[in-house]
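sequence unavailable; structure follows:
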C-alpha cells in the first residue's frame, strides 16, 4: 500500500514513506489517516508537526480514563489492596 501524504507534514510524510517501504505487509493495520503520533496525554495525541488530535481510536477504558492517569491508578491500587 503506498503511503499517503498531507501538505505541510514533511516529518510525518517521511515517516509514512519509510514505513510503507520497510514494514512487512503482515504487520500492517488499517488506519485511514496513517497519523504519525509522537506523544499522547489525556484524550489527545500530537503529530510530529505539533497538531493536536482528539483520541477517538482507543478502547473503552482508555477513552474514559485517558492515558494512565496517576490519580485513578492510585485509587485502583488502594481499592484492590495492591502494593505500588
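Right, received. Where do you want to start? Only a predicted model underlies this, so the values are computations on that prediction, with no experimental measurement involved. Numbers count the residues shown, from 1 in each chain.

OK, contacts around residue 12?
6, 35, 36, 47, 48, 49 (Cβ atoms under 8 Å, 6 or more residues apart in numbering). (Each C-beta comes from the backbone N, C-alpha and C, glycine too.)

what helix or strand is the residue nearest to residue 9 when sequence neighbours are not counted on?
Using Cβ to Cβ, 6 or more residues apart in numbering and skipping the chain neighbours, the partner closest in space to residue 9 is residue 49 (5.3 Å). Secondary structure assigned from DSSP states H and E places residue 49 in neither a helix nor a strand.

now swap in residue 17 and tell me
For residue 17, the host element (DSSP H and E) is helix 10-22.

so how far is the next helix or strand after that helix off the chain centroid?
Note on helix 10-22: by DSSP H and E, the next helix or strand toward the C-terminus is strand 37-41. Relative to its parent chain, strand 37-41 has a centroid offset of 6 Å by Cα atoms, centre = their mean, to the nearest Å.

again, but for stretch 9-28
Computed by Cα atoms, centre = their mean, the chain-centroid distance of stretch 9-28 equals 15 Å.

tell me the mean pLDDT for that stretch?
For stretch 9-28, mean pLDDT rounds to 83.

many thanks, I have nothing further to ask.
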